[in-house]
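Asks: Got a sequence here, can you model it:
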Amino acid sequence: EGILKFSWPLKHYDQIPSVVLFCVPFGVDWSAAEWTRRELAMQEKYSKLKATLATREVKVIVLMFKVGVGSLEKEVLDERISSFKRHAQTDSKTFLFFSLHELVSDNTSIRRLYKTVREGSFSYYASNIKRFKTLEKAVGDRFKGSLEQMLLARYSFKVAFLNEFQGQMNYSLRFYRQCYNHLAASLETIDEELYEQVKAVGEIAHFKTCRLLLLQKSIDEACQQFRSHILIFTKLYSKHPWRHSAWVAEQFLVFCQLLDRFSVSDAMPFADRSYYYQNAARFTIDRARNYQRSHKDVSSQFDASDEVQSLQTDAHGAASAVAAVYSTVGRWRVKSYRGRLFCPPRFIGATPQIVDPAAGGPLAAGDEATHALFFDFLYAQEARTAHGKLVSELLVKALSSLPALSTAAGGGAMTTVGANPRRKALLLQQMATQA
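Replies: You can find the predicted model right below:
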C-alpha cells in the first residue's frame, strides 16, 4: 500500500522509549506492615508496565530511592530489597538503589545510572536493527520488481534511522544511500500513483544523506548527491505540474540552508548560494505558470471562495475531537475545507485522509468524489500563495548572495573585485520582469 507509514518516524522520536525508568520510593521509616502494603502496590504497577511494553522489547529499569527520616538495620534493608527484586525478577542491570543525596552530589552514581540506561537503549535499537535487516534479506526471495525496491527502501530507511539513535553515523549514511538508490531504481516500474510517495521518502533520505556528508566535511560528495537528486527527480511526471515545481524549488532552498547550517564557504565548488536561490526562483515562476494553466482547466468546478483553514484544536466539538488525533503528527497541521478535515496520510507522501465529522469517519480513499475534493483542496491552498512575492524575495536573496570574483594582481596575489556583472545583470533583469 505504501513505502513508509507517516507516523513511523515520529513514533520513535516521541512515543516509543528505548528504556523506561520505573521510579519507586523506599521508606527507611516504614513499618513491616507498611512495607508489605507498599511492595504489593509497586509490584502491581511494575507488572502492568512490563505487560504494556512486552511486545516492544523495551527494557524497564527499576530506580528505587531511599526516602524518609531515620535509619534501617542493614539486614532488614537487604531483605526488603531482595524481596522486591525476587518478585519483580530484576537483576543488577535492571535494578538500581540510590538515595536522593547520591543522585544530586555523587558523580559516580550518576555515571552508573547513565551507563545502565545507555546500555539498555543500545540493546533496544540493536535488536530492532537486526530485525529489520533480517526482513530486508528476505525481500529478494519473496518479491521482485518495483515492490522489491520499495520494500528494500523501507527497511534500509528504518535501519538508517535507528542507527542515528546509536550515533552510528557511518552506518546511517550507508543505509540512507541504499534507501535512496532503491527508490530511484523503482521509478522505472512503479505506478504513477506512487510517485509522490517515492519523492517524499526520497527527499528525506536525500536530506539525511547530505546532512551526514556535510557533518563529515565531505562537501564535494554532498554537492554531487544534490546534483544527482535534481537530475533524477526534476523531470518526473506529475498530475499537478505546479506542485512538482514547488517541490523542486524547495529542494534548492533546503540544500542552500544546509550549506549555511554547516558554514560551507561560497568559494567551494557548487556552494554558491545565489545559484540555489536563483533556481528556486526559476521553479517558483514555473509553479505560478503551471498553476494558472491548471486552474483554467478546472475553473468550472473550483470555487476560490472556499477557504482552507488551519484548525486550532481544543477539547470541545466533534471536529476538534477528530483533529486532536492528528494535529501533532510530524509537521502536519489539520486543515478544514468545505466542512471536511484533511488529516495526515497513512503513508508519507500519500493522499491525506479526509474525514467527515458529521459521518464520524474518513471518506472512501478510492472514491472519485474524494479525489475531486482533494484536488479542489490543493487548488484552494495554492490560490492563497503570493507567487510574485516569493519570486521577488528569492531573487533579492540571489542578488545579495552573489560571490565576489577574484582576479590575479601583480606578484601572483589574488584581488577580490565585485560580483559577476553578467549574472548580476541577469538577476536585475529578472527582478524588473517580476516588478
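
Asks: And the next helix or strand past the helix or strand bottoming out on mean pLDDT in the chain?
Replies: Ranked by mean pLDDT, DSSP states H and E, the weakest helix or strand in the chain is helix 318-326, scoring a mean of 35. Once the chain leaves helix 318-326, the next helix or strand it forms, by DSSP states H and E, is strand 335-337.

Asks: Next SSE downstream of that following strand?
Replies: Next helix or strand after strand 335-337 toward the C-terminus (DSSP H and E): strand 340-343.

Asks: and P9, how many neighbours?
Replies: By other C-beta atoms under 10 Å, 16 other residues sit near P9. In this view, the C-beta of every residue, glycine as well, is placed from N, C-alpha and C.

Asks: swap in K199?
Replies: So K199, with other C-beta under 10 Å, has 23 neighbours.

Asks: Over to R37?
Replies: The number of residues packed around R37, counting by other C-beta under 10 Å, is 12.

Asks: cool, and the one 5 residues further on?
Replies: Burial of M42, expressed as a neighbour count using other C-beta under 10 Å, amounts to 19.

Asks: how close does it sit to K85?
Replies: 12 Å (C-beta to C-beta, to the nearest Å).

Asks: Quickly list what's touching both of those two.
Replies: By C-beta atoms under 8 Å, 6 or more residues apart in numbering, M42 and K85 have no common neighbours.

Asks: pLDDT of the longest helix along the chain, averaged?
Replies: With DSSP state H applied, the helix covering the greatest number of residues in the chain is identified as helix 107-142. Taken as a whole, helix 107-142 has an average pLDDT of 90.

Asks: Which helix or strand lies directly C-terminal to that helix?
Replies: helix 146-165.

Asks: now for that next one, which elements pack on it?
Replies: Based on contacts counted as 3 or more C-beta pairs under 8 Å, 6 or more residues apart in numbering; DSSP states H and E, the elements that helix 146-165 packs against are helix 107-142, helix 169-186, helix 195-215.

Asks: quick one: contacts of the shortest one?
Replies: Right, the one you point to is helix 169-186. The contact list for helix 169-186, computed with C-beta under 8 Å, 6+ apart, reads 3, 146, 149-150, 152-154, 156-157, 159-161, 163-164, 194, 198, 201-202, 205-206, 208-209, 212-213, 215-216, 232.

Asks: of those residues, buried ones?
Replies: Burial by neighbour count, judged by 16 or more other C-beta atoms under 10 Å, picks out 3, 146, 149-150, 152-154, 156-157, 159-161, 163-164, 194, 198, 201-202, 205-206, 208-209, 212-213, 232 from the contacts of helix 169-186.

Asks: just the angle between the longest helix of the chain and helix 169-186, please?
Replies: Here the directions of helix 107-142 and helix 169-186 differ by 20 degrees (axes from the mean of the first three to the mean of the last three C-alpha atoms, to 10 degrees).

Asks: What residues of helix 107-142 count as buried?
Replies: Per 16+ other C-beta under 10 Å, helix 107-142 contains these buried residues: 109, 113, 116-117, 120-122, 124-125, 128-129, 132, 136, 139.

Asks: Can you tell me how far the closest residue in space to P17 that isn't next to it in sequence is from E393?
Replies: Nearest residue to P17, sequence neighbours excluded (C-beta to C-beta, 6 or more residues apart in numbering): V58, at 6.0 Å. To E393, V58 is 47 Å away according to C-beta to C-beta.

Asks: Comparing those two, which shows the higher neighbour count?
Replies: Remark: of V58 and E393, V58 carries more neighbours, 18 against 15, as counted by other C-beta under 10 Å.

Asks: Do a quick rundown of the strands in the stretch 301-435 of the chain.
Replies: If DSSP state E, counting those that start in this stretch is used as the criterion, the strands of the stretch 301-435 of the chain fall at 309-310, 335-337, 340-343, 353-356, 361-362, 404-408, 414-419.

Asks: Check what pLDDT the residue nearest to P17 gets.
Replies: pLDDT, V58: 91.

Asks: That one contacts Q15, doesn't it?
Replies: No - contact between V58 and Q15 fails when scored by C-beta atoms under 8 Å: they sit 11.5 Å apart.

Asks: can I assume T90 is in contact with V62?
Replies: Yes - with contacts counted by C-beta under 8 Å, T90 reaches V62, the gap being 5.6 Å.

Asks: Between these two, which contacts overlap?
Replies: When contacts are counted by C-beta under 8 Å, 6+ apart, T90 and V62 have F84 as shared neighbours.

Asks: can you list contacts of stretch 241-256?
Replies: Contacts for stretch 241-256 (C-beta under 8 Å, 6+ apart): 199, 203, 206-207, 210, 226, 229-230, 233-234, 236, 238, 273, 276-277, 279-284, 286-291, 293-294, 378, 382.
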